[in-house]
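K.L.:
Dropping the sequence and predicted coords here.
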Amino acid sequence: AKQAGRGTFRVFDEATDIHLQSRQKMKAALRAALGLGELSVFYQPLIGLRDGRVTACEALMRWHRKGAGWITPDQFIPLAEEAGLIGDMGEWVLHEACAQAARWPDSVSVAVNLSPLQFHGGALVDQVATALRASGLPPERLQLEITESVLLDPTDRNIGVLQDLRALGTKIVMDDFGTGYSSLGYLRSFPFDKIKVDRSFIRDLPDAREALAILKAVAGLGRSLEMRTTVEGVETQAQLDCAIAEGVDEAQGYFFSRPLPAPGIASFISGCLPK
Ligand code: C2E
Ligand code: CA
Ligand code: CA
Ligand code: CA
């Protein structure tokens, strides 16, 4: 029994070791990726539900790793955060996204995701200001998407950073709304410009009563607090119909378009312009 136990332990240990090694390797590859030009930004449109036009596009990072193909952010953002790379990668995305958006029509904004770790170290506000200046993009066309974890900081220092970002003229979006512990409470700590209802609620529409009730409540909240509302993850006409019925301002999802490389999104945008 003792033997078997030790054997089992050794197997487990080895597996952990391999896992660790591959994570270390992946981090090293990620560190090199930026310099090798393996990172790129895809864009997914947000559609205004009043007129069916593109209001904004969300910048979503992609990693084309040599020999491994496309790697999605769920696999590499956590690694980038662990490896201390998210600051540089985030700065790169800001520059890239602002430069692309400057070429789109004036009515189309760009939304960039910010990791909570980008709020550490005090460089973020300058990075955003620099990206805006370098691209010539008007600040009100840059939307910064944050999740509730940014507001978990007990010192409230991040609230100050959000205020500074707002003072630059950018729009602040609460992403993944409804997934945290205290979504409603966080709406009191900062006056967001927009709330994005998390995909998990949209997925269950139109059949789940609970999801529909939550969508209704968030849409009402948006109206009374003067925040725009967006739903993400819209894949079907029925889900879109729910959002329209509740008076949601914008929708995003595969129903309209998957995230596209820069040239693809530019054609998509012109296809939605009034003739
Ligand atoms: P997110 O900010 O919630 O972004 C939306 C995700 O939902 C994207 O996944 C998008 O491709 C996916 N999506 C959009 N429409 C649909 C749909 O109709 N159905 C389904 N099933 N999925 C849909 P993606 O691109 O894999 O990104 C995953 C997450 O990685 C993002 O979630 C965001 O948290 C993070 N991320 C992506 N790019 C960046 C970045 O540049 N910086 C940071 N800090 N995080 C990023
Ligand atoms: Ca987002
Ligand atoms: Ca989201
Ligand atoms: Ca998410």
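P.N.:
Everything's here; your move. Ligands and ions are numbered 1, 2, ... in the order given.
K.L.:
Excluding residues flanking it in the chain, which one is nearest residue 255?
P.N.:
residue 234 (4.7 Å; CB to CB, 6 or more residues apart in numbering). In short, each C-beta sits where N, CA and C put it, glycine included.
K.L.:
Residue 150 and residue 156 touch, don't they?
P.N.:
No: judged on CB atoms under 8 Å, residue 150 makes no contact with residue 156 at a distance of 11.1 Å.
K.L.:
need the contact list for the residue nearest to residue 255.
P.N.:
Neighbouring residues of residue 234 by CB atoms under 8 Å, 6 or more residues apart in numbering: 202, 240, 243, 251-256.
K.L.:
Quick one: distance of the helix or strand residue 270 falls within to the chain centre.
P.N.:
If you go by DSSP states H and E, residue 270 is part of helix 262-272. Remark: helix 262-272 is offset 20 Å from the chain centroid, using CA atoms, centre = their mean, to the nearest Å.
K.L.:
list the contacts for the closest residue to residue 216 other than its chain neighbours?
P.N.:
In this structure, residue 216 finds its nearest non-sequential neighbour in residue 246, 5.3 Å apart by CB to CB, 6+ apart. For residue 246, the contact set (CB under 8 Å, 6+ apart) comprises 215-216, 219.
K.L.:
Any figure for the gap between residue 246 and residue 56?
P.N.:
Here the criterion is CB to CB, to the nearest Å. By it, residue 246 lies 20 Å from residue 56.
K.L.:
again, but for residue 24
P.N.:
If you measure residue 24 against residue 56 using CB to CB, the figure is 37 Å.
K.L.:
When these two are compared, which one has more neighbours?
P.N.:
Per other CB atoms under 10 Å, whichever of residue 24 and residue 56 has more neighbours is residue 56, with 27 against 12.
K.L.:
I'd say that one and residue 109 touch.
P.N.:
Yes: if you go by CB under 8 Å, residue 56 and residue 109 touch, sitting 3.9 Å apart.
K.L.:
interface residues of the stretch 151-275 of the chain facing ligand 2?
P.N.:
residue 175 (CB under 5 Å from the ion).
K.L.:
now swap in the stretch 1-150 of the chain and tell me
P.N.:
Near ligand 2, when you scan the stretch 1-150 of the chain using CB under 5 Å from the ion, you find 113, 145.
K.L.:
Helices along the stretch 1-150 of the chain, start to end?
P.N.:
Per DSSP state H, counting those that start in this stretch, the stretch 1-150 of the chain carries helices over the ranges 2-36, 73-82, 86-101, 124-135.
K.L.:
Mean pLDDT lowest where, among those?
P.N.:
For those, mean pLDDT drops lowest on helix 2-36, to a mean of 70.
K.L.:
Show me what the mean pLDDT comes to for the longest strand seen in the chain.
P.N.:
Taking DSSP state E as the criterion, the chain has its longest strand at strand 54-65. Strand 54-65 shows an average pLDDT of 96 in the prediction.
K.L.:
Which strands border that strand, and is each parallel or antiparallel?
P.N.:
Applying DSSP bridges to the sheet, strand 54-65 is found paired with strand 39-48 (antiparallel), strand 69-71 (antiparallel), strand 109-113 (parallel).
K.L.:
anything in that strand sitting right up against ligand 1?
P.N.:
Yes: Strand 54-65 is in contact with ligand 1 by CB under 6 Å from any ligand atom, via 59-61.
K.L.:
ok, that strand near ligand 3 or not?
P.N.:
No: looking at strand 54-65 against ligand 3 by CB under 5 Å from the ion, there are no contacts, and the closest approach is 8.4 Å.
K.L.:
For that strand, buried residues please.
P.N.:
54-63, 65 (16 or more other CB atoms under 10 Å).
K.L.:
Farthest-apart pair in those residues, please.
P.N.:
Farthest pair in these (CB to CB) is 55 and 65. Separation: 32.5 Å.
K.L.:
where does the residue nearest the centre of the chain land on pLDDT?
P.N.:
In the chain, the residue lying closest to the centroid (CA atoms, centre = their mean) is residue 113, at 3.9 Å. In this prediction, residue 113 carries a pLDDT score of 98.
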